[in-house]
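S.K.: Need a 3D model of the sequence below.
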Amino acid sequence: AEYGIAAHWRYKEGTNDETLIEKIAWLRQLLEWQQESKDADEYLENLRFDLFEDEVFVFTPKGDVLNLPAGATPVDFAFHIHTHIGHQCIGAKVNGRLVPLSYKLQNGDIVQILTSKQAGGPSSDWLKFVVTSKAKSKIRQWLREQRRDEYIQQARENLEREIKKRGLEPQEYLKAEALQDTAERLGFTEADDLLVAVGDGKITAAMVVGKILGDKDQEKQAKLPGLGRRRSKSTGGVIVKGVEGLLVRFSRCCNPVPGDEIIGYITRGKGVAIHRLNCSNLPGDTERMIAVEWAKTETGVYPFEVKIEANDRVNLLADIMNMIAARNFNVSAAKVATRKGMAFIDLTLDISHLDDVKDLLTHIRQVKGVQRIHRVSRVKGT
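M.R.: As a prediction, the model looks like this:
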């Protein structure tokens, strides 16, 4: 390899990659061992103890070499070969002997996967011992697809139970149109996708029911004294210093809430736009800026948007939502995306003051897997 195709490629590309040089030297060492060894067993024994500690090199029955993370199992090996091999895996032989699927592969092992088209598919128990992200992802995907109907049925039961807890009739609120509308507002394409997420524990039934009942709840709150209402686009929650009667509206680019330092910007025909003082979208025309302050009697409810980045895992969203619900915060919107083993969760919380949410954010950071949480500021026109 040193003097053949690999060396030719290295010369042509003009690269001086130290890793490539090390690998070529390692391959040369393998050839020397092969020439010096009297039999295959001695050769494999030398090979077994010289490979990298953080990964294992194993062989297919045809002699192809695969490298996997240390601790990898035959199931990881199967999914590395092909997703269908992993789905149809029913057992494994290592060096000609049957081994448990949880067996940790060693350097130099020859691995043969036993398959059957009648296999029942991956088991949830496999998630307890596989180590590669591909195996974990494919197993979870298969389990979700197989359990889709089960999740949908479970979700409907959970939603009905949650609605009954509020003294309401489920049939009135779980109509197809209401579920589809709620699904779209929560970032799902179809109502069934929302139900699967509820059945799988990624979204709580309480959150979905709260969203379905949101408009009616707000109507009830408007009639009850002492209960704050969600602010509208125009509000009297802010005082423009030295001027009365001006139309005031909150800019959605930074979503200011009581507790934020704020500044007013006089727009053309739309009143005074309220920005956070450090808003990157605040226009630079200082002549149109005006001093404002929060009304001391302001008791409205304000949207507070946060983005959470976490290692994806089962029940991650449920744990976060339970943490929020336990502290009596309402979630008015949620959107979840996953990519390369990470979960990206966008939440809109209803709060009355910035101080209210500080303790909550501290507790969310302590949820297992959470890497980062920060407030969102969307950059849009004023």
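
S.K.: Distance of Val292 relative to Arg276?
M.R.: To Arg276, Val292 is 11 Å away according to C-beta to C-beta, to the nearest Å. (Each C-beta comes from the backbone N, C-alpha and C, glycine too.)

S.K.: Between those two, which contacts overlap?
M.R.: Common contact partners of Val292 and Arg276 (C-beta atoms under 8 Å, 6 or more residues apart in numbering): Ile262, Ile263.

S.K.: and the closest residue to Ile163 other than its chain neighbours, what pLDDT?
M.R.: Take Ile163 and drop its neighbours on the chain: the residue closest to it by C-beta to C-beta, 6 or more residues apart in numbering is Pro170, 4.6 Å away. pLDDT, Pro170: 85.

S.K.: heads up, I number from 56, so please use that
M.R.: Okay, residue one is now 56; in that scheme the one you just asked about reads as Pro225.

S.K.: What residue spans form the domains of this structure?
M.R.: 60-197, 203-278, 293-349, 358-430 (automatic domain parsing).

S.K.: Need the three-state assignment for Ile207.
M.R.: Classification of Ile207 using DSSP: H, G, I helix; E, B strand; the rest coil returns helix.

S.K.: which of the residues in stretch 199-206 are buried?
M.R.: The neighbour-count check on stretch 199-206 (16 or more other C-beta atoms under 10 Å) flags Arg203, Tyr206 as buried.

S.K.: Tell me where the stretch 306-437 of the chain has helices.
M.R.: Using DSSP state H, counting those that start in this stretch, the helices of the stretch 306-437 of the chain run over 371-381, 409-420.

S.K.: got a markdown table for those, with distance to Thr322 too?
M.R.: Listed next are the helices of the stretch 306-437 of the chain as a markdown table, based on distance: least, C-beta to C-beta, whole Å:
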| stretch | distance to Thr322 |
| --- | --- |
| helix 371-381 | 34 |
| helix 409-420 | 25 |
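
S.K.: all helices in the stretch 56-205 of the chain, in order from the N-terminus.
M.R.: 60-68, 73-91, 95-103, 129-136, 138-143, 188-201, 203-220.

S.K.: Comparing these by mean pLDDT, which bottoms out?
M.R.: Looking at the helices of the stretch 56-205 of the chain, the bottom one is helix 60-68 with a mean of 53.

S.K.: Give me whichever of the helices of the stretch 306-437 of the chain is most buried.
M.R.: Ranked by average neighbour count under the criterion mean count of other C-beta atoms under 10 Å, those are headed by helix 371-381 at a mean of 19.

S.K.: Can you give the distance of that helix from its chain's centre?
M.R.: Relative to the centre of its chain, helix 371-381 is centred 14 Å away, using C-alpha atoms, centre = their mean, to the nearest Å.

S.K.: now stretch 349-362
M.R.: Centroid displacement of stretch 349-362 relative to its chain, using C-alpha atoms, centre = their mean, is 27 Å.

S.K.: mind listing what's buried in it?
M.R.: Buried residues in stretch 349-362 (16+ other C-beta under 10 Å): Trp349, Glu353, Gly355, Val356, Tyr357, Pro358, Phe359, Glu360, Val361.

S.K.: Okay, buried residues for stretch 307-326 please.
M.R.: For stretch 307-326, the buried set under the neighbour-count rule, 16+ other C-beta under 10 Å, comprises 307-315, 317-321, 326.

S.K.: Can you get me the start-to-end distance on that stretch?
M.R.: 15 Å (C-alpha to C-alpha, to the nearest Å).
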